[in-house]
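Q: got a predicted model here, sequence first, then my questions.
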Amino acid sequence: MHVLILGGTTEARALAESLHARGERVTTSLAGRVAAPRLPRGEVRIGGFGGAEGLAAWLRQQRVEVLIDATHPFAGTISFNAARAAGQAHVPLLALRRPGWVPGEGDDWHPVDSLTQAADALPGLGERVFLTTGRMGLASFAHLDTLWFLMRSVDAPEPPFPARMEVLLDRGPFTLESERELLDRHGIDVLVTKDSGAAATAPKLTAARAAGIPVVLVRRPPAPDGVPVATTVEEAVSRVCSGGLG
Ligand code: NAP
């Protein structure tokens, strides 16, 4: 069986590993945003398809039998393209989407719907911001010149970005201990994050709770309706291998 995984996440890599180990032919597609990505097992292709039509053509040409959208919950465009392309090429589609984070006792979360709203929420919440929303979209924060930012991302950002900003190049998983130390060392008093739901980056939320730091949490964008969803890699593997996707 030829499975195409739309990847770029830890779960996508684990899924490729698992299906490959079961003897399936797996191709993972990456957008090409990260300079030196962690490569999954199996075949890898890099770069856009040229919209839903391009993806549908690729599915037909490569005789893909199952398409799995294991992209990041904030990669909204490719998920809608996947739904359209799967319909056009008559290939069954499964989304692998981890659940969002759930606040616990002592959390001071401020949910917003966009990076622009996150920037609007910041003044008044804190002055030293730990920004973990990725290197894209920093323009939304560029006008906040009275605040100081610690921006963590895998690759260096490009302007426009805030004038008072230190860049920390790093990628998860992160530990609770290292996140606590980071908040402390930089005197962070507010955290901004997207609701990715990832276990690898969740310790920052626990560290913020322990330090009494408010969190501006960007809610997920809409996902296409009518696509079956698995919330764990194991569930996705079992649905693909049982042939229960149609
Ligand atoms: P996006 O806005 O949904 O997609 C924009 C365009 O990038 C798509 O139309 C598609 O181009 C191309 N693309 C996206 N994912 C692709 C993939 N896996 N393989 C081939 N082409 C892909 O996506 P994004 O937010 O820029 O994210 C890009 C990638 O980074 C995703 O694969 C995602 O899993 C990963 N990622 C994103 C975030 C985030 O916060 N957004 C965080 C971590 C990882 P064409 O229309 O030309 O096909």
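A: Sure, I can see it. Numbers count the residues shown, from 1 in each chain.
Q: how about the helices in the chain?
A: Here the chain has its helices, by DSSP state H, at 10-21, 51-61, 76-89, 115-121, 176-185, 203-211, 233-241.
Q: I'd like the average pLDDT over the fifth one.
A: Same thing as helix 176-185. The pLDDT scores in helix 176-185 average 98.
Q: one more: the shortest one?
A: When pLDDT is averaged over helix 115-121, the result is 98.
Q: stretch 3-22 too?
A: The pLDDT scores in stretch 3-22 average 97.
Q: buried residues in it?
A: Buried residues in stretch 3-22, counting neighbours by 16 or more other CB atoms under 10 Å, are found at 3-16, 18-20. Glycine gets a C-beta too; all of them are placed from N, C-alpha and C.
Q: distance of the nearest residue to residue 195 once chain neighbours are set aside from residue 107?
A: Spatial nearest neighbour of residue 195, excluding adjacent residues (CB to CB, 6 or more residues apart in numbering): residue 100 at 4.6 Å. Using CB to CB, to the nearest Å, residue 100 is found at 13 Å from residue 107.
Q: what about the two, which has more around it?
A: residue 107 (16 against 13; other CB atoms under 10 Å).
Q: tell me, what residue is most central in the chain?
A: Note on the chain: the residue nearest the mean C-alpha position is residue 72, at 3.2 Å, using CA atoms, centre = their mean.
Q: residue numbers of this structure in contact with the ligand?
A: Contact residues (CB under 6 Å from any ligand atom) of the chain with the ligand: 6-9, 29-31, 33, 48-51, 54-55, 71-72, 74-78, 81, 134, 194.
Q: ok, and the closest non-adjacent residue to residue 170?
A: Among residues not flanking residue 170 along the chain, residue 152 sits closest, at 5.8 Å (CB to CB, 6+ apart).
Q: returning to that earlier point: now, the residues of the chain next to the ligand that are in strands?
A: 6, 29-30, 194 (DSSP state E).
Q: in the chain, what residue lies closest to the ligand?
A: Distances between the chain and the ligand by CB to the nearest ligand atom are smallest at residue 48, namely 2.3 Å.
Q: rewinding a little: what sits against the residue nearest to the centre of the chain?
A: Shown in contact with residue 72 (CB atoms under 8 Å, 6 or more residues apart in numbering): 8-9, 196.
Q: any stretches of the protein with poor pLDDT?
A: Across the chain, no stretch falls below the confidence threshold (pLDDT under 70).
Q: domains of it?
A: Listed by automatic domain parsing, the domain ranges of the chain are 2-99+222-241, 109-218.
Q: between its first and last residues, how far does the longest one reach?
A: Its start and end residues considered, domain 2-99+222-241 measures 12 Å (CA to CA, to the nearest Å).
Q: ok, back up a step: got a list of what the residue of the chain closest to the ligand touches?
A: Counted by CB under 8 Å, 6+ apart, residue 48 has contacts 31-32, 54.
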